[in-house]
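In: following is a predicted model, sequence given first.
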Amino acid sequence: MMGAYTYNLRGGVFCNAQTANIVLMSMAFGKGQFREGLYYLIPITAYLGGAFVSEILPNPIKKLGLLRWDTCLVGFEIIALFLIGWIPFSVSDRIVQVMINFICSMQYNTFRQAEDVPMATTFCTNHVRQIGISAAKYVKHRDTSALKRGCSHLLMIAAFFIGGAVLTALCSVFQEKTIWLAILPLLADFLLLSHADLFQEHNMLALKPQGH
């Protein structure tokens, strides 16, 4: 949803990862367009900053003994996306792009697995690769666990597809506030994670969850 939002409404770029920005920066330098190329250091630095912050904050938050960092991050994403929805189109798209770069970096660095299956939550390339690997392992060795992992990656791609399609379809209706659609699944996650941290798993806050 965040990628579809920035591509459709905020400058025609994807902010979920940085490969494209590095390629575009190298192309600009290759054409001698150094000023244009240097711009890409801004989103790259924002992504770097998100990774840095998501490595620094977990321990202080863990010491508070209330919620996990994972839960706090989802809450932060909700607030950030709500604020982004209030930024009018008259404001430079680059401000929104940098904010979403920062959010995606923290999410990518924090949520590294789903039920012990390593996977990225902000881009699809690795999911496609892992489906191919899982299919090969099943064909060669009839490895049902590999098939199950492949299905997990397929479900993640399906989530990407549905989110992008729904948000794109509603862009003309909600305009800059379309990003608020992404708050709905995040809010459900936040409520479930908060309930677990405060009640069901409060004595397990010191343990690293399988989501990592």
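Out: Looks like it arrived, so ask away.
In: give me the low-pLDDT residue ranges for the protein?
Out: Within the chain, the ranges that satisfy pLDDT under 70 run 210-212.
In: all helices for it, in order.
Out: Counting by DSSP state H, the chain has helices at residues 2-9, 19-30, 34-39, 41-56, 58-64, 69-84, 93-110, 125-141, 144-174, 183-195.
In: got those as CSV, with mean neighbour count columns?
Out: C-beta: built from backbone N, CA, C; applies to glycine. Converted to CSV, these look like this (neighbours: other C-beta atoms under 10 Å):
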stretch, mean neighbour count
helix 2-9, 22
helix 19-30, 14
helix 34-39, 13
helix 41-56, 16
helix 58-64, 12
helix 69-84, 19
helix 93-110, 21
helix 125-141, 14
helix 144-174, 15
helix 183-195, 15
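In: any idea which of those gets closest to residue 203?
Out: Of all those, helix 58-64 sits nearest to residue 203, with 13.5 Å by C-beta to C-beta.
In: closest one to residue 207 among the helices of the chain?
Out: With C-beta to C-beta as the criterion, residue 207 lies closest to helix 58-64 of those, at 10.1 Å.
In: contacts for the closest one, please.
Out: Helix 58-64 has contacts (C-beta atoms under 8 Å, 6 or more residues apart in numbering) with 67, 68, 69, 72, 110, 205, 206.
In: dump the helices of the chain into a markdown table; add distance to residue 201 as well.
Out: Shown next, in a markdown table, are the helices of the chain (distance: least, C-beta to C-beta, whole Å):
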| stretch | distance to residue 201 |
| --- | --- |
| helix 2-9 | 28 |
| helix 19-30 | 36 |
| helix 34-39 | 44 |
| helix 41-56 | 21 |
| helix 58-64 | 13 |
| helix 69-84 | 11 |
| helix 93-110 | 17 |
| helix 125-141 | 28 |
| helix 144-174 | 22 |
| helix 183-195 | 9 |
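In: of all these, which one comes closest to residue 117?
Out: Smallest distance to residue 117 across those (C-beta to C-beta): 4.9 Å, for helix 144-174.
In: which elements pack onto that closest one?
Out: Helices and strands touching helix 144-174, by 3 or more C-beta pairs under 8 Å, 6 or more residues apart in numbering; DSSP states H and E, are helix 2-9, strand 117-118, helix 125-141.
In: let's see 7 Å
Out: In terms of contact count using 3 or more C-beta pairs under 7 Å, 6 or more residues apart in numbering; DSSP states H and E, helix 144-174 is assigned the packing partners helix 2-9, helix 125-141.
In: chain center to it, what's the gap?
Out: Its chain's C-alpha centre and that of helix 144-174 lie 13 Å apart, by C-alpha atoms, centre = their mean, to the nearest Å.
In: of the helices of the chain, which approaches residue 116 most closely?
Out: Per C-beta to C-beta, nearest to residue 116 of the helices of the chain: helix 144-174, 9.3 Å.
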